[in-house]
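Undergrad: A predicted structure for the sequence below; I have some questions about it.
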Amino acid sequence: MDSITYFDDRIHLTAYKPRIRNIANELTLAKVTEEAFFICDLGEIIKKHEEWISQLPRVQPHYAVKCNDSRLVLQTLAGLGTGFDCASKAEMRKVLDLGVNPSRIIFANPTKQNSHVRAAAENNVVRMTFDNEGELHKIKALHPRAQLVIRIRCDAEKAQCQLGMKFGVLVEEAPDLLEAAHALGLDVIGVSFHVGSGCMDPPVFDRAIKSCKWLFGVGKEIGFEMNFLDIGGGFPGNTGTSIKEIASVVNGSLAAHFPEECGVEIIAEPGRFYVASAFTLTTLVHSIREIKGNETGDNKYMYYINDGVYGSFNCVIYDHAVVHPELLKNYEDDKKTYESSIWGPTCDGLDNVCPREMMPKLDMGDWLLFRNMGAYTLVAGGTFNGFPTPKIYFVASYESWCQLKEFMNPEEFVTDNVPILMKAGVGCNRDAVGWASVAGAAGSSSGCLNNVLNVFEQPLPAVVCDSPNNTNNYLDNVFQFPANIQAQ
C-alpha cells in the first residue's frame, strides 16, 4: 500500500478507540512516507460534540472554520448538526458545498471585503457581525437584507490570543452604532462578543453576557427586535482540559439574564475545543547536530525535523502555543537525557520549534509525536523553501463509524483490513454478517491475525492461531457482542 492510499482523504476504521502511537508506529515502519503527517481521530470530535451538548445545552455551537478547515472535519461537524462561523467567502463556499443550509452559517468577520459581502448575499447567508459605522454603509449597499449582529469588546484578563485590540466596539459606544444602523434602515437582531481564543478567565463570560443584556434593552428602545446572542469562542480543547468551569459560568449567567422563556437564540463559535485534541503530528528527525560540552558539561543536541514554524508549527508564533515532543521509539525510563532543541527544515534561523527539551540522545530516522495539534496549525501553514504541508491520516473506531455512516457515503471509509462486519453496512451489530469468514480472511496469512494489528491495536495471543474456533471466540471477546447474537 503506497502513501497515496494511506493519505487519500478517507477514513481508516479500527475496532476500538484508535491508539495513536500504534498507528503512527505502523505507518512509519511501513515507510509509506518520509514527510511529516497528521493522524486525526474523528471519534474525538464526536466525543467533544457530546460534551458540548451535555455542558452547554442551550448554546448551539457554530464551529469556527478558520481553526481547521479539513474537509472530513467539516463534514463530520455538519453531520452532527453544528452551525458554522465563517470569516470569508472561501470558508462559506467550503461549508455550502457540503450541503449545509445557509441559515446555519454566521459570517462572523466584523470587517469584510466587498466581494465577500456580495458572496454572502448571493448565497443567502444573512447573519453577519459588524463593529463600526463604515461597515454598516458597505452592508447597506451590498446586502441590505442582512441580519446584523453588533460585536462588542469584552477581553479576558488571560487568554491564549487576545482579540479586543482589533475587533469589538466599546460597550459605551455601541448605542451610537445602533442608532446609525437604525437610521440606515438595517436590521440588527442581536449582540456578539469574543473574550479571546483559549480563554483562561471564565468569569469574563458573565461580564460580557451582562453587557449584552443591557445592550439588548438599548436596541429595543431604538426599535430593533433583539433575539440573537453570540457568545463567541475561547473554549479550550487540549487533552486534559475541560469546558466545565466556563460552562458553569455561562449557564448561570444565561439563566440570570437570558432565561429560556425569553426566546433568545444563543450560539457560540468554538474552534479549538472541537479539533485540538483530535490531531497528532508525526515528524521525522532527519538531521542531528552535536554541540560539544566543556570538560564538566554534557554535549547538547540540535535535532532537525521535517515540519517547522513555516508549516504546522506556525502555532508557536501566531497562536502562542508551547509544544513538546513525544518519542515514538521506546527508550528506557532511566536512559540519560541531554539538553536538546528541535528545529524545522527551512533555512531560516527563526524556525525553532522547541528551544529547550531534556531528551535521550536520538538517532537519525527517529520519529516524534506532537499531540493536540488540530487547532490553528494546518490552516495557517505554508510551503516556504518548498517543504510540503503534511497530509492527514484519518481514523475512526467502529463505534464512531456507527455514527459517521449515518451521514457519510460508504466511499469515505477504508475497510481493506477490518472485519467483514464493518463492510456489511447493515447496522452496528452482527446481524446478517458472515462473521465466521473473518477468521478465514484474517487468518489466511502466515502471520495469523497479526495482519490486522491496525484493527485491534494489540498483539494477539498465540492460542488464537490454533484453530478457526479459537479465532472466532477471540473475536467475540474482543468485540463483546451480546451473547444472543450468534455468528453465522
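TA: Thanks, I have the structure now.
Undergrad: Please make it C-alpha for all contacts and neighbour counts, starting now.
TA: Fine.
Undergrad: what's the longest helix anywhere in the chain packed up against?
TA: Counting residues, the longest helix in the chain under DSSP state H turns out to be helix 204-222. For helix 204-222, the elements it packs on are helix 174-183, strand 187-193, helix 244-257, judged by 3 or more Cα pairs under 8 Å, 6 or more residues apart in numbering; DSSP states H and E.
Undergrad: How far away from the center of its chain is the shortest one?
TA: Which is strand 187-193. 27 Å (Cα atoms, centre = their mean, to the nearest Å).
Undergrad: Same check on the longest one?
TA: Taking Cα atoms, centre = their mean, one finds helix 244-257 lying 24 Å from the centre of the chain it belongs to.
Undergrad: Report the inter-axis angle for that helix versus helix 204-222.
TA: 30 degrees (axes from the mean of the first three to the mean of the last three Cα atoms, to 10 degrees).
Undergrad: Go through helix 244-257 and flag the buried ones.
TA: By neighbour count with 16 or more other Cα atoms under 10 Å, helix 244-257 contains the buried residues K244, I246, A247, V250, N251, S253, L254, H257.
Undergrad: which other residues reach it?
TA: Q55, L56, P202, P203, F205, D206, I209, K210, K213, F235 (Cα atoms under 8 Å, 6 or more residues apart in numbering).
Undergrad: Also the shortest one?
TA: Applying Cα under 8 Å, 6+ apart, the set of residues contacting strand 187-193 from outside is 129, 145-154, 168, 178, 181, 208, 212, 215-216, 224-232.
Undergrad: State the mean pLDDT of that strand.
TA: Across strand 187-193, the average pLDDT comes to 97.
Undergrad: Sheet partners, orientation included, of that strand?
TA: strand 147-152 (parallel), strand 228-230 (parallel) (DSSP bridges).
Undergrad: Would you quantify the distance from E91 to K66?
TA: Note on E91: its distance to K66, by Cα to Cα, to the nearest Å, is 8 Å.
Undergrad: tell me, how many neighbours does E34 end up with?
TA: Around E34 there are 14 other residues, counting by other Cα atoms under 10 Å.
Undergrad: follow-up on the earlier one: to the chain's geometric centre, what's the distance from the longest helix of the chain?
TA: 31 Å.
Undergrad: what mean pLDDT does that helix have?
TA: For helix 204-222, the per-residue pLDDT averages 95.
Undergrad: Phi first, then psi, for A64.
TA: phi -80, psi 100 (degrees, to the nearest 10).
Undergrad: which residues touch it?
TA: F84, D85, C86, E269, P270, G271 are the contacts of A64 under Cα under 8 Å, 6+ apart.
Undergrad: For D201, give its distance to L56.
TA: 17 Å.
Undergrad: To clarify, my last question referred to V204.
TA: Relative to L56, and taking Cα to Cα, V204 is found at 17 Å.
Undergrad: swap in G263?
TA: 16 Å.
Undergrad: Between these two, tell me which one has more neighbours.
TA: Taking neighbours as other Cα under 10 Å, G263 and L56 compare with L56 leading, 18 against 10.
Undergrad: before we move on, the earlier item: next step: the contacts of A64 restricted to strands.
TA: Those of the contacts of A64 mapping onto strands are F84, D85, C86, per DSSP state E.
Undergrad: Any idea how many residues pack against the closest residue to P325 other than its chain neighbours?
TA: Sequence neighbours aside, F370 is the residue nearest to P325 in space, at 5.2 Å (criterion: Cα to Cα, 6 or more residues apart in numbering). Using other Cα under 10 Å, F370 has 18 neighbouring residues.
Undergrad: State the phi and psi torsions of F370.
TA: phi -130, psi 110.
Undergrad: do the same with F130
TA: phi -150, psi 160.
Undergrad: Quick check: the gap between the residue nearest to it when sequence neighbours are not counted and V275.
TA: Spatial nearest neighbour of F130, excluding adjacent residues (Cα to Cα, 6+ apart): P110 at 4.2 Å. As judged by Cα to Cα, P110 and V275 stand 24 Å apart.
Undergrad: and these two? which has more neighbours close in?
TA: Comparing P110 with V275 by other Cα under 10 Å, the one with more neighbours is V275, at 27 against 18.
Undergrad: SS state for S287?
TA: strand (DSSP: H, G, I helix; E, B strand; the rest coil).
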